[in-house]
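Chemist: Attaching a predicted model along with its sequence, questions to come.
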Amino acid sequence: MYKTFLCVPLIVLGLVFQISSAQQDATLWYTSPAENWDNALPVGNGRLGAMVFGNPTKERIQLNEDSMWPGGPDWGNAKGTPQNLEHIRTLIKQGDVHLADSLIVDYFSYQWVTRSHQTMGDLFIDFESKPISDYKRSLNLNTAVVSSTYKVDGYNTSQEVFASAADDVLVVKIATENPNGLNYTLSLSRPEDHGHKTVTVSTPTDSQIKMLGEVTQYGGQVHSKPFPLDYGVKFETLLDVTNTSGTVTKTANGLNLKNVKEAVLYIVCNTSFYGKDYSSKNQNSLNTLHSKSYQDILKHHITDYQNLYNRTVLNLGHDEFNNIPTDQRLAKVKEGKQDIDLAEKLFNYGRYLLISSSRPNTNPANLQGIWNEHIEAPWNADYHLNINLQMNYWLANVTNLSECELPLFDLVDRLIERGKLLAKEQYGLSGTVAHQTTDLWGTPWMRASKPYWGSWIHGGGWIAQHYWEHYRFTQDTTFLRERAYPAIKAYAEFYSDWLTLDERDNTLVSYPETSPENSYLAPDGTSAALSRGNAMGHQIIAEVFDNVLASAEILNIEDDFISTIKTQRKQLHSGIKIGPDGRLLEWDRPYEEPEKGHRHISHLYSLHPGDDITVNDPELFEAAKKTIQYRLDHGGAGPGWSRAWIINFYARLLDKTAVEENIDLFIQRSIFGNLLDIHPPFQIDGNFGFTAGVAEALLQSHEGFLRILPTLPDSWKTGSIKGLKARGNITVDITWKNNKLQNLTLLSPVNKTISVVYGANTTTVNLVANTPVTLNQHLK
């Protein structure tokens with residue numbers, strides 16, 4: 001049924017108050033300290049972070065900073081020549097894909113690289129060993145504070161830890177009601193790097209510890225060969241103690257606190273990545289902090305954090321298990337019990353983690369956000385471009401955190417410039433290109449020792465989508481003109497030169513192509529990676545062309561380049577084809593697969609995060625469903641990020657039963673006791689992908705209209721979501737009862753007319769600038 005309705009403005013103040021009240025229960029809590037890193041609790045201010053164990057006798061607070069990388073913007077920009085590319089293409093056309101697989105690595109790849117984001121070190125707090133009682137450890141998502149409370153000698157004792165973006169500091173407060181105070185020692189340290197000291201620790205005053213170092217990688221590798229790095233980002237970490245009673249004295253290894261009732265530890269760190277004056281920045285920060293009280297710093301932190309966090313509030317109406325520790329609740333879920341509120345907390349946790357690991361003027365969240373205890377982290381804790389970095393930011397716009405995505409563009413802008421050099425030197429082409437992985441230094445080159453791991457040219461093309469989507473959500477034409485269009489155009493220029501004519505059907509094809517981390521069975525029955533065109537590659541190229549054309553139209557750009565892209569887009573080989581078994585093809589032909597349950601389902605890119613497969617094409621919809629089910633039937637969705645992608649897929653497929661099933665499976669299988677995502681090991685993309693998937697289940701706007709509660713899980717009978725963002729810069733509040741929409745409130749900063757779909761009903765809504773409009777009966 002279709003309706004047109006001119007809406008009457010209405011603000012539902014009672015709803016806002018109700019949601020705000022429900023936020024008070026957003027706490028993860030435990031009755032014992034973290035037994036290992038995977039159960040510690042994270043804090044972060046975008047750049048500085050920590051994992052807090054909460055041990056009342058031997059506390060460890062593992063420290064991080066986002067630019068702690070070895071090496072520099074060196075090692076060149078490219079490997080191989082345009083002639084090498086032509087040789088590989090010839091081999092593929094001749095059917096010799098195995099030789100092509102081997103040579104693409106030899107010609108172009110830096111092969112295995114070990115150059116990792118690293119830990120900043122550890123703060124250890126060693127207390128006098130005394131009996132502990134009434135212990136509780138918690139993370140309050142509303143305030144971004146990790147607390148431990150307990151009794152020592154019968155006296156209440158507490159520790160509070162937070163990372164303030166407002167004052168650029170990590171803060172630890174330790175307090176007791178014992179009139180004699182507490183006795184403990186403080187020390188800073190950092191792991192050795194293959195037997196090499198990585199820091200020099202000193203105590204410049206009776207209240208300070210300094211840790212000075214340079215990030216190295218003595219176990220470094222490049223071209224799959226040892227390549228020790230004795231240089232990297234330089235840094236200084238400074239800990240300063242302020243106490244109200246007792247004494248603080250320096251020792252050979254740190255500071256000794258005696259009979260101290262209350263102490264506040266300020267930890268500042270700056271690095272050479274952000275500027276040569278990193279040491280003076282630390283001292284300036286401490287001077288500013290000394291002019292403020294702890295309460296002022298805490299208040300400033302909470303206000304700054306809540307300005308982001310409070311924009312979106314999910315309330316699923318279940319708090320009956322909040323008196324049970326989080327790890328015990330999780331254990332019950334793993335046994336098959338239902339805990340709807342845990343899904344709500346996990347949604348909020350994803351937003352908390354993004355705010356804590358990605359702020360304007362920091363680096364973007366890497367594979368582990370900013371939380372990393374290693375010198376050599378799994379997969380270097382780098383920036384994987386074949387889904388992981390992108391998934392980190394799927395939630396940013398829809399949960400109203402668009403400014404948290406800006407660090408992504410800062411990195412990719414650097415990547416684009418180096419990618420231009422690679423495109424010219426390695427392939428002889430214009431534009432820019434990025435492969436499967438990059439790092440702090442914006443490396444565009446191919447890496448990995450196997451062709452199916454790294455011989456993929458679309459890392460940059462996929463990231464280009466984020467520039468366009470950022471514009472679609474924010475409607476910021478300045479961003480579109482100055483950042484998005486130049487970025488998208490640079491990748492479109494490369495693809496325009498890269499494509500070749502397929503004489504078999506007179507279409508433009510991309511090759512050599514791989515499908516991320518996957519392989520197929522060649523005619524001889526053995527695994528191969530390279531092909532002449534595949535699904536994901538052509539889907540991404542089509543999207544880049546479409547987005548550069550749409551951007552040019554908005555910006556009134558019409559030139560020879562745009563004319564060329566229009567022509568090529570019409571001739572581009574389609575990346576969306578249905579195979580003989582009813583599934584979407586992943587490669588250029590219906591090959592058999594050696595790993596039928598592969599974690600990547602790359603050929604569904606056009607379903608999500610793309611938008612070319614929609615319910616308007618039932619045949620493609622059904623093919624997408626068969627594609628997913630086939631992977632799941634063969635053991636797919638093993639890593640947490642893969643399960644999170646499945647949630648987003650099923651939301652786009654409007655399958656609420658499958659969405660709910662995979663939300664439950666994610667919670668049962670894919671998170672540690674601290675709710676961080678399990679790859680395994682820890683990898684943060686699954687947390688972000690889960691939050692994005694929940695948002696996608698409640699609101700979709702990729703089709704050019706708003707689709708309300710498209711896949712609301714049946715068990716989420718009554719609830720509300722406030723502050724989601726739809727494309728077009730529309731803020732959306734939704735309430736439902738007994739699985740039926742009750743109220744929908746929309747807010748736009750400009751006048752506009754939009755279509756809203758709920759179930760079988762469609763309504764046209766005329767929005768007046770800055771005037772909330774509420775729909776209720778008109779969409780039921």
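Modeler: Alright, I've got the coordinates. From a predicted model like this one, the values you see are computed outputs, not experimental measurements.
Chemist: Now that we're looking at the spatially most central residue of the chain, what pLDDT does it have?
Modeler: Most central residue of the chain, judged by C-alpha distance to the mean C-alpha position with C-alpha atoms, centre = their mean, is Asn392 at 1.6 Å. pLDDT recorded at Asn392 is 98.
Chemist: is it true that it touches Asn687?
Modeler: No - Asn392 is beyond contact range of Asn687, at 9.1 Å (criterion: C-beta atoms under 8 Å). In this view, the C-beta of every residue, glycine as well, is placed from N, C-alpha and C.
Chemist: what does the helix or strand harbouring Ile488 rub up against?
Modeler: Assigned by DSSP states H and E, Ile488 belongs to helix 485-498. For helix 485-498, contacts defined as C-beta atoms under 8 Å, 6 or more residues apart in numbering pick out 409, 412-413, 416, 419-420, 423, 427, 429-433, 457, 460-461, 464, 467-468, 510, 541, 544-545, 547-548, 551-552, 555, 557, 561, 564-565, 568.
Chemist: Equivalent analysis for stretch 322-341, please.
Modeler: With C-beta under 8 Å, 6+ apart as the criterion, stretch 322-341 contacts 25, 27-31, 39, 316-321, 342, 345, 664, 667-669, 671, 673, 675, 715-716.
Chemist: Can you list which of the residues you listed are found in strands?
Modeler: 27-30 (DSSP state E).
Chemist: Can you tell me which of those are classed as buried?
Modeler: 28-30 (16 or more other C-beta atoms under 10 Å).
Chemist: Out of the residues you listed, which comes closest to Ala769?
Modeler: Leu28 (39.7 Å; C-beta to C-beta).
Chemist: who does the longest helix anywhere in the chain touch, helix- and strand-wise?
Modeler: With residue count as the measure and DSSP state H as the assignment, the chain has helix 535-554 as its longest helix. Helices and strands touching helix 535-554, by 3 or more C-beta pairs under 8 Å, 6 or more residues apart in numbering; DSSP states H and E, are helix 459-474, helix 485-498, helix 560-571.
Chemist: Just after the second one, pick out the following helix or strand.
Modeler: In the C-terminal direction, the helix or strand that comes right after helix 485-498 (DSSP H and E) is strand 500-502.
Chemist: Please list the residues outside whichever helix or strand comes after that next one that contact it.
Modeler: For strand 500-502, the following helix or strand on the C-terminal side (DSSP H and E) is strand 507-509. The contact list for strand 507-509, computed with C-beta under 8 Å, 6+ apart, reads 499-502, 532-533, 538, 568, 571-574, 588.
Chemist: could those go into JSON lines alongside pLDDT?
Modeler: Formatted as JSON lines, these follow (pLDDT from 0 to 100):
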{"residue": "Leu499", "pLDDT": "98"}
{"residue": "Thr500", "pLDDT": "98"}
{"residue": "Leu501", "pLDDT": "96"}
{"residue": "Asp502", "pLDDT": "93"}
{"residue": "Arg532", "pLDDT": "94"}
{"residue": "Gly533", "pLDDT": "92"}
{"residue": "His538", "pLDDT": "98"}
{"residue": "Gln568", "pLDDT": "98"}
{"residue": "Gln571", "pLDDT": "98"}
{"residue": "Leu572", "pLDDT": "98"}
{"residue": "His573", "pLDDT": "97"}
{"residue": "Ser574", "pLDDT": "97"}
{"residue": "Asp588", "pLDDT": "91"}
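Chemist: Any idea how far stretch 205-221 is from the middle of the chain?
Modeler: Mean-position distance between stretch 205-221 and its chain equals 28 Å (C-alpha atoms, centre = their mean, to the nearest Å).
Chemist: got the CA coordinates for that stretch in CSV?
Modeler: Provided in CSV are the C-alpha atoms of stretch 205-221 (Å, rounded to 0.1, in the frame of the first residue of the first chain):
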residue,chain,number,x,y,z
THR,A,205,61.8,13.4,39.9
ASP,A,206,60.4,11.8,43.0
SER,A,207,57.0,11.7,41.4
GLN,A,208,57.8,10.8,37.8
ILE,A,209,58.8,7.8,35.7
LYS,A,210,60.1,8.4,32.2
MET,A,211,60.2,5.7,29.5
LEU,A,212,62.2,6.8,26.4
GLY,A,213,62.5,4.6,23.3
GLU,A,214,62.4,4.0,19.6
VAL,A,215,60.3,1.3,18.0
THR,A,216,62.4,-1.4,16.3
GLN,A,217,61.7,-4.8,14.7
TYR,A,218,64.7,-7.0,15.0
GLY,A,219,62.6,-9.9,13.9
GLY,A,220,61.6,-8.0,10.8
GLN,A,221,61.0,-9.6,7.4
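Chemist: tell me the mean pLDDT over that stretch?
Modeler: Mean predicted confidence for stretch 205-221 is 98.
Chemist: For Pro774, what are phi and psi?
Modeler: For the record, residue 774 is Thr, not Pro. Reported as degrees, to the nearest 10, the phi and psi values for Thr774 are phi -120, psi 130.
Chemist: Against Asn738, how distant is it?
Modeler: 19 Å (C-beta to C-beta, to the nearest Å).
Chemist: swap in Ile209?
Modeler: Between Ile209 and Asn738 the computed distance is 58 Å (C-beta to C-beta).
Chemist: For Leu63, give me its contacts.
Modeler: If a contact means C-beta under 8 Å, 6+ apart, then Leu63 has 48-50, 119-123, 170, 237, 267, 269 as its contacts.
Chemist: for Glu558, same thing?
Modeler: Applying C-beta under 8 Å, 6+ apart to Glu558 gives the contacts Ala552.
Chemist: What pLDDT is listed against it?
Modeler: So Glu558 comes in at 97 (pLDDT).
Chemist: thinking again about what came up before, compare the helices and strands packed on helix 535-554 and give me the one nearest Gly582.
Modeler: Nearest to Gly582, of the helices and strands packed on helix 535-554 and by C-beta to C-beta, is helix 459-474 at 26.6 Å.
Chemist: other SSEs contacting the next helix or strand after the closest one?
Modeler: As assigned by DSSP H and E, the chain's next helix or strand after helix 459-474 is helix 477-479. When contacts are defined as 3+ C-beta pairs under 8 Å, 6+ apart, helix 477-479 packs onto helix 459-474.
Chemist: tilt between the helix it packs on and helix 535-554?
Modeler: Using axes from the mean of the first three to the mean of the last three C-alpha atoms, to 10 degrees, the direction of helix 459-474 lies 40 degrees away from that of helix 535-554.
Chemist: before we move on, back to that, need the helices and strands packed on helix 535-554 in CSV (columns: distance to Asn397).
Modeler: Shown next, in CSV, are these (distance: least, C-beta to C-beta, whole Å):
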stretch, distance to Asn397
helix 459-474, 4
helix 485-498, 16
helix 560-571, 25
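Chemist: show me where the stretch 251-400 of the chain has strands.
Modeler: Ranges of strands within the stretch 251-400 of the chain are 255-260, 262-271, 313-315, 383-384, based on DSSP state E, counting those that start in this stretch.
Chemist: Would you mind stating the distance between the residue nearest to the centre of the chain and Leu572?
Modeler: 29 Å.
Chemist: same deal with Asn388?
Modeler: For Asn388, the distance to Leu572 equals 27 Å [C-beta to C-beta].
Chemist: higher neighbour count, those two?
Modeler: Between Asn388 and Leu572, counted using other C-beta atoms under 10 Å, Asn388 has the larger neighbour count: 25 against 19.
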